[in-house]
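*Asks:* Fold the following, please.
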Amino acid sequence: MPFPDGAFDVVFSNSVVEHVPRENWLTFAREIRRVGDRYFVQTPNKWFPLEPHYMLPLVQFLPRRLRHRLDECFAGGKIDLLDERTLRRLFPDAEIRRERMLGLTKSLMAVRVVHAELPSAELPSRAGSAARKSPPPHQRRGCPKSRHSASPAQGGETSTGAELPLLPTQH
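*Replies:* So this is what the prediction gives:
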């Protein structure tokens, strides 16, 4: 890609890597890691029994040559689903997260969240800012107060925005 290293705060790829030819997976992953400080790469799990492009069971386990002929005819190009091991090799600096359906891992996500250190003069304020045009979401009318955060007065910390996770944490 014609972008400098670290050009983007976040790179997001949703169900794309399985459409990239296998021989280009490593290049695809290196570029995501190179241009983004943080990234979120999602792909269907090869071992989930229902192939998500066809919505048919076990199609991903047909012989590759037959499967690619079907892909060319019905999906517009070759599809190779990844498993967790492959995703981990492509994105070794990421946490691998799983999306589950009926107890089975439906899709996999490689997530890298970097906590940027900003000088205190550059930290955005979440409360009392004259520049804020609207209140934070939990203070808007009709919105319930977030159960995941507390104000500084309640013993919570003021967020800088840099430490916000890409996915909600589960308790």
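
*Asks:* Can you check the distance spanned by stretch 86-95, start to finish?
*Replies:* 13 Å (CA to CA, to the nearest Å).

*Asks:* Not counting it itself, show me its contacts.
*Replies:* Residues from elsewhere that reach stretch 86-95 (CB atoms under 8 Å, 6 or more residues apart in numbering): 17, 25-26, 28-29, 32-33, 39, 41, 43, 82, 96, 108, 110-113. In this view, the C-beta of every residue, glycine as well, is placed from N, C-alpha and C.

*Asks:* Narrow those residues to those in strands?
*Replies:* Counting by DSSP state E, the members of these that fall within strands are Tyr39, Val41, Thr43, Ile96, Leu108, Ala110, Val111, Arg112.

*Asks:* Next up, the contacts around the fourth one.
*Replies:* For Ile96, the set of contacting residues under the criterion of CB under 8 Å, 6+ apart consists of Glu84, Leu87, Arg88, Leu108, Met109, Ala110, Val111.

*Asks:* Repeat that for Lys78.
*Replies:* Lys78 makes contact with His19, Pro21, His68, Asp71, Glu72 under the criterion CB under 8 Å, 6+ apart.
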